[in-house]
Every structure is written in structure tokens, then in C-alpha cells.
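S.K.: A structural model of the following input is requested.
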Amino acid sequence: MVFSSGLLLFWSLRLPLGHVISEKFLLHANNVFTFVATLRLVQDPIRSIPDVIGVVIQAKVAFARIVKFLDAPELQSRNVQQRHNTGSVNHSVLIKSADFSWEENSSRPTLRNVSLKMVPGEKVAVCGEVGSGKSTLLAAILGEVSHTKGTIQVHGRIAYVSQTAWIQTGTIQENILFGSEMDRQRYQDTLERCSLVKDLELLPYGDLTEIGERGVNLSGGQKQRIQLARALYQNADIYLLDDPFSAVDAQTATSLFNEYITGALSGKTVLLVTHQVDFLPAFDSVMKSYKQLLIISCCPRAKNFRTLSMHTKKQLVLKGFQKLMLCKEKDHLPGRSRRVM
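M.R.: Okay, the predicted model is just below:
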């Protein structure tokens, strides 16, 4: 029933076709069918109004991000001297007495007086408190942060794994390949190194399962492992890993460290941000970030360190950090890098 202008109109199947009873007038079939056809024409557009409103809101947010990106200051090529030819150099990353700041010409740099030299194949761990500049160091090597003093050189192709997993809308295979050509053997080895084989067996279409905003929802650990697989498949020279084990459980983290860091990346240059002390003995150097300083706190694999038992290694590493924490409490840290053993 429809109420309009005080008139009660209704369609009755018992009445002859084409008749509508009203209080004052009689409608013919041609008028009724014209009215119904008009309603049919506007029915779908009216139904799509809520969807259109949602798309408009998303487009507005996307345009705001694009405008913010376009208005951001241009990154200067002088931030990092980067070369892809590593044959004539004896270091992968070289930082000399550099100050880094997210704001250009800042009087209070985010990181100050940083010195770091990494030779090809070396593995360095970075530890420190939240907000002490660990991620800033990785961003500085990528060239995302301006350096106000000193020099920084990078030789080789870089693969970066952020702390928050970035997944694009598409299949798992597309996320891992990331535009590279398919090498079936390397691809399968990547899945095994990143502990993804069992997860893919549980998905409806395996690695062809759609993920992202319009696909299957993955856990934080699964997203992080896909991101690690993407970096490994690129076969870069330098790997910058920003706490990639924070989203996985302890057992998976240990498996990833053994298969990924010490296995697949055995000949690569690795700079890993981590809070897990148990992994530190496997690194060539460990850096402690404190009060905008980066201090080389110990060299676990130096000299005869590899021949020691794992328990002794952990004790030496913890001893070095205990000395560093005593310096922190007394606030007697120098303004330059130093070695603590």
C-alpha cells in the first residue's frame, strides 16, 4: 500500500487487469506500466548510492595522501652515495661521523656522530630502547633521512623489510615475486626458508590465494613472512631488517633466524634490528642505540668467539650489555662510538 496526497492506492489481483481503484479517478494500464518502468530504471542507481558514497570517501582519503606525498620535500641525491657495482670496494655500508635528522638543518639531530662500516657478508644487530633511533638508522641508509654532517656510502642493491608488514592487493605469489620473473626452484626455496609451505597448504588456492583489502585476511606473522619472502626473492646485496620477528611466536622466530638469517643470507650483508638477545651471538657486531648514539657494544664472532659454547657466548654478550647499562645509569657515555667487552 502507498499513501499519497490523501489517496489510498492499491493493486488488486482480483480486479480486471489495468484497473486501479481510487477515491476519485481511474488509472489505465498504459499509465501504470509507464510508472513501473520508470521505477525500474531508477531502482539500480538508487541502490548503488551507498556504495558510491563509500567510494567517494575512499577517493577523498586517497587524494589527501597523494597531495601530502606531492607536497613533501624532495629527497636529495646527496643523502646517500649509492653504487650498484661492488667489485672495486671493500665495504657495503660506510658511515663516517654522520648526523641524521628528519628535518633539514636541524640543530637537534635524531642520530648524531654515527660511524659504521660493514664489509660484504657481515651481519650486524642493532638493539635499543623504543624511540632510540634504530629504525632511523635503516631509513638513513635507504636515503630517506637527511644527514647534516658526515658522509654515508652504500654499495650494492638493498632489500628492506619494515616493522609493519606492507601487503599489496593481489595473490601471495604476486606479493613475493613483486614484478620479478618466476624462477620455480628459487621460489620454492624462498617459501621453505620463510616457513610458508604449511600456511599455503591451509589456504583455499595456495599461493594463488587473493590477499590484501579484497582478499583473505592473514595474521600479522603470515604477512611478515610474506614480506621476508619478497625481500629474499629479490636476491639483493644488502638486507635491512627492522625487527621482522616481532610479529611471530618464539618457535617460528627461531626457525626463521636459522633458515633465513644464518642460512639463506649467509653471504649477504645484514643489518638487523631486534630485541631478542638469544640471537645476538650469531652476529659479527652488536650495536646499542641509546640517547641518539650508536655504540658498538660487542663483537660476538670476533677471534675465537665461534669456538665457545652457546651458553658462554650468551654470557659474554649479556656481560657486555650489563657494562653498557651501567654506563647508561651513570650517564657517562661518551659522544663517540666505542667498543665495550
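S.K.: Tell me which residues touch Gln173, please.
M.R.: Counting by CB atoms under 8 Å, 6 or more residues apart in numbering, Gln173 touches Tyr187, Asp207, Leu208. C-betas here are computed from N, CA, C, even on glycine.
S.K.: Of these - the most surrounded one?
M.R.: Using other CB atoms under 10 Å as the neighbour criterion, Asp207 leads the contacts of Gln173 with 20 neighbours.
S.K.: wait, doesn't it sit right on Asn175?
M.R.: No: assessed by CB atoms under 8 Å, Asp207 is found out of contact with Asn175, at 9.2 Å.
S.K.: shared neighbours of the two, anything?
M.R.: By CB under 8 Å, 6+ apart, no residue touches both Asp207 and Asn175.
S.K.: so where's the stretch 201-341 of the chain shaky on pLDDT?
M.R.: 213-215, 290-341 (pLDDT under 70).
S.K.: wouldn't Gln153 be in contact with Leu94 here?
M.R.: Yes: counting by CB under 8 Å, Gln153 sits close enough to Leu94 to count as a contact (4.4 Å).
S.K.: Burial check on Arg186, number of neighbours?
M.R.: 13.
S.K.: Run through who's touching the host helix or strand of it.
M.R.: When secondary structure is defined using DSSP states H and E, the element that contains Arg186 is helix 184-193. Here helix 184-193 makes contact (CB under 8 Å, 6+ apart) with 173, 176-177, 197, 200, 207, 229, 232-233, 235, 259-260, 263-264.
S.K.: and if we set it to 10 Å?
M.R.: For helix 184-193, contacts defined as CB atoms under 10 Å, 6 or more residues apart in numbering pick out 172-173, 176-177, 180, 183, 196-200, 207, 225-226, 228-235, 255-256, 258-261, 263-265.
S.K.: Could I have the PyMOL command that selects the buried members from those?
M.R.: Restricted to buried positions by 16 or more other CB atoms under 10 Å, the PyMOL selection for the contacts of helix 184-193 reads:
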select buried, resi 172+176+177+196+199+200+207+225+226+228+229+230+231+232+233+234+256+259+260+261+264+265
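S.K.: Out of the contacts of helix 184-193, name the ones that lie in helices.
M.R.: Among the contacts of helix 184-193, the members falling in helices (DSSP state H) are 172-173, 176-177, 197-200, 225-226, 228-233, 255-256.
S.K.: excluding its backbone neighbours, what's nearest Gln276?
M.R.: Phe245 (6.4 Å; CB to CB, 6 or more residues apart in numbering).
S.K.: Compute the distance between that neighbour and Gln251, please.
M.R.: Taking CB to CB, to the nearest Å as the measure, Phe245 falls 11 Å from Gln251.
S.K.: Next: Gly206.
M.R.: 23 Å.
S.K.: pretty sure the residue nearest to Gln276 contacts Leu272?
M.R.: Yes: Phe245 is in contact with Leu272 according to CB atoms under 10 Å; the separation is 9.0 Å.
S.K.: Would you mind grabbing the residues shared as contacts by these two?
M.R.: By CB under 10 Å, 6+ apart, the residues touching both Phe245 and Leu272 are Phe257, Ile261, Phe279.
S.K.: which of these lies closest to Lys134?
M.R.: Phe279 (14.8 Å; CB to CB).
S.K.: looking at this, Ala253 is in a helix?
M.R.: Yes: counting by DSSP: H, G, I helix; E, B strand; the rest coil, one finds Ala253 located in a helix.
S.K.: show me the contacts for it.
M.R.: Contacts of Ala253 by CB under 10 Å, 6+ apart are Ser195, Gly221, Pro244, Phe245, Ser246, Ala247, Thr274, Gln276, Asp278, Phe279.
S.K.: okay if I get these as a markdown table plus secondary structure and neighbour count?
M.R.: Putting those into a markdown table (DSSP: H, G, I helix; E, B strand; the rest coil; neighbours: other CB atoms under 10 Å) gives the following:
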| residue | secondary structure | neighbour count |
| --- | --- | --- |
| Ser195 | coil | 21 |
| Gly221 | helix | 19 |
| Pro244 | coil | 25 |
| Phe245 | coil | 24 |
| Ser246 | coil | 16 |
| Ala247 | coil | 19 |
| Thr274 | coil | 23 |
| Gln276 | coil | 16 |
| Asp278 | helix | 14 |
| Phe279 | helix | 20 |
